[in-house]
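**Student:** the sequence and its predicted three-dimensional model are supplied below.
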Amino acid sequence: MILVGVGSNLSVPGVGGSRDVVAAAVRALAGEGVTVVAVSPWYRSAPVPLSDQPWYVNGVVRVETDLDASALLAVLHRVEAAFGRVRRQVNEARGLDLDLLAYHDDIRAEAPVLPHPRLHQRAFVLLPLRDLAPGWRHPVTGMDLASLVADLPPGQVTERIDD
C-alpha cells in the first residue's frame with residue numbers, strides 16, 4: 001500500500017482555500033502517472049508544533065503507481081511546486097504539503113526515508129489513515145493504528161470535517 005499525506009493551511013491563488021487546494025492536489029496526482037485509489041475523510045488540525053499559523057486541512061490518499069519511491073517523491077515535489085510551494089524553512093505555513101508516508105512495507109533510512117519518520121507522532125496523519133486503511137500496520141514497529149493513535153503525544157487538536 002502506497003500512502004501520501006495531503007495538507008494545506010494557506011489559500012493558493014487561482015485554486016482557492018485549503019479545502020479546494022487539497023481536492024485539486026489529489027486530482028493533480030492523476031496526471032503524473034499516479035492512480036488515486038482512495039481518499040480519507042478530511043480533517044482540520046492545529047499546526048504541529050503549535051503556533052499562530054492558520055489551521056490545516058489534512059488527509060491521506062492511497063495511490064498506485066509504477067514509479068519507485070524516489071520518483072514518486074519527485075512527483076509529489078513537482079505537484080507542490082505547481083501549487084506555489086517554495087521550501088524555505090521547516091514547519092512554515094504552506095499552500096500544499098504532500099508527504100510520502102509509506103511505500104508498501106519498505107523501510108529505508110536514506111532519502112526518501114520510509115515510512116515517514118514522524119507519521120507515528122502526528123494525529124493529522126494517523127486519524128485519516130485509520131479511516132482510510134484501518135488494518136494498516138507500521139512497517140518498523142508492527143504497531144496497528146489503534147495502538148499508534150493511543151500513543152500519540154498529548155495536545156494535538158485534530159477534528160474530522162463533516163461534509
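**Tutor:** On my side now, so go ahead. Numbers count the residues shown, from 1 in each chain.
**Student:** scan the chain for its longest helix.
**Tutor:** helix 69-82 (DSSP state H).
**Student:** from residue 103, how far off is residue 68?
**Tutor:** 8 Å (CB to CB, to the nearest Å). Bear in mind the C-beta positions are built from the backbone N, C-alpha and C, glycine included.
**Student:** ok, residue 73 touching residue 112?
**Tutor:** Yes: contact status for residue 73 versus residue 112: in contact at 4.5 Å, counting by CB atoms under 8 Å.
**Student:** which residues do the two both contact?
**Tutor:** Residues touching both residue 73 and residue 112 by CB atoms under 8 Å, 6 or more residues apart in numbering: residue 100.
**Student:** what's the burial count for residue 50?
**Tutor:** 10 (other CB atoms under 10 Å).
**Student:** try residue 65
**Tutor:** 17.
**Student:** any stretches of this protein with poor pLDDT?
**Tutor:** 85, 87-93, 163 (pLDDT under 70).
**Student:** can you give me the strands for it?
**Tutor:** Using DSSP state E, the strands assigned to the chain run over residues 2-8, 34-39, 43-45, 56-65, 97-103, 158-160.
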